[in-house]
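In: For reference, the sequence and a predicted model appear below.
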Amino acid sequence: MSQRKIFFYIKILAIIGILLAVYLLWQQFFHPLFKPCNINSFINCDAVVSGSVAKTFGVSTPLYGLIGYIIILIAAIWRKTKLMLGMAAFGLVFCLWIAYQELFILRVICPVCIACQVVMLSIFILAIKADKIPTDHRL
């Protein structure tokens with residue numbers, strides 16, 4: 001796979017991540033009546049956006065995701081492979097911490113959070129591939 005394609009896929013994934021993070025922020029701040037993510041007491045985003053995982057160091061947890069995905073998108077646009085890889089590595093560790101909190105502390109599954117985790121894992125794998133390919137200055 002060419003570096004151009006990898007950057008394209010990372011941009012698409014980052015945009016998906018941004019949309020997912022915005023959705024979680026919207027759920028957290030506006031508490032809408034329509035909550036498609038809340039299926040039952042086990043598969044439930046509301047437990048995550050209003051529970052102990054809702055804030056990290058006093059800041060809304062989905063905001064960290066939004067900022068991270070924006071930085072990854074900018075890094076992909078500017079083809080800053082090391083920044084993209086670093087943010088994806090941090091994001092992946094952060095996502096794994098959130099997954100641990102969801103499953104073992106809150107005992108819930110948040111489908112949107114799982115989607116964010118899959119997106120971040122995909123970005124991380126692609127960023128590793130992009131970092132291994134010699135830079136093509138003709139892009």
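Out: Good, I have the coordinates.

In: now Gly58: how far from Val118?
Out: According to CB to CB, to the nearest Å, Gly58 and Val118 sit 27 Å apart. Glycine gets a C-beta too; all of them are placed from N, C-alpha and C.

In: before we move on, what SS does the nearest residue to Pro111 once chain neighbours are set aside have?
Out: Spatial nearest neighbour of Pro111, excluding adjacent residues (CB to CB, 6 or more residues apart in numbering): Cys37 at 5.7 Å. Classification of Cys37 using DSSP: H, G, I helix; E, B strand; the rest coil returns coil.

In: Equivalent analysis for the one 3 residues further on, please.
Out: Each residue gets one of three states, and Asn40 gets coil by three-state DSSP.

In: Which helix in the protein has the most residues?
Out: helix 3-30 (DSSP state H).

In: I'd like to know the average pLDDT value across it.
Out: Mean pLDDT, computed over helix 3-30, is 96.

In: in that helix, what's buried?
Out: Neighbour counts over helix 3-30 (16 or more other CB atoms under 10 Å) mark 3, 6-7, 9-11, 13-18, 20-21, 23-25, 27-28 as buried.

In: Can you name every helix or strand that that helix contacts?
Out: helix 46-49, strand 59-60, helix 61-77, helix 111-132 (3 or more CB pairs under 8 Å, 6 or more residues apart in numbering; DSSP states H and E).

In: can you put these in TSV and add distance to Met87?
Out: Output for those, formatted as TSV (distance: least, CB to CB, whole Å):
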stretch	distance to Met87
helix 46-49	22
strand 59-60	17
helix 61-77	5
helix 111-132	8
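
In: Mean pLDDT lowest where, among the ones you listed?
Out: Among these, helix 46-49 scores lowest, at a mean of 80.

In: and for that one, what are the contacting residues?
Out: For helix 46-49, the external contacting residues (CB atoms under 8 Å, 6 or more residues apart in numbering) are 24, 27-28, 35, 37-38, 41, 54, 62, 98, 102, 106, 108, 110, 113.
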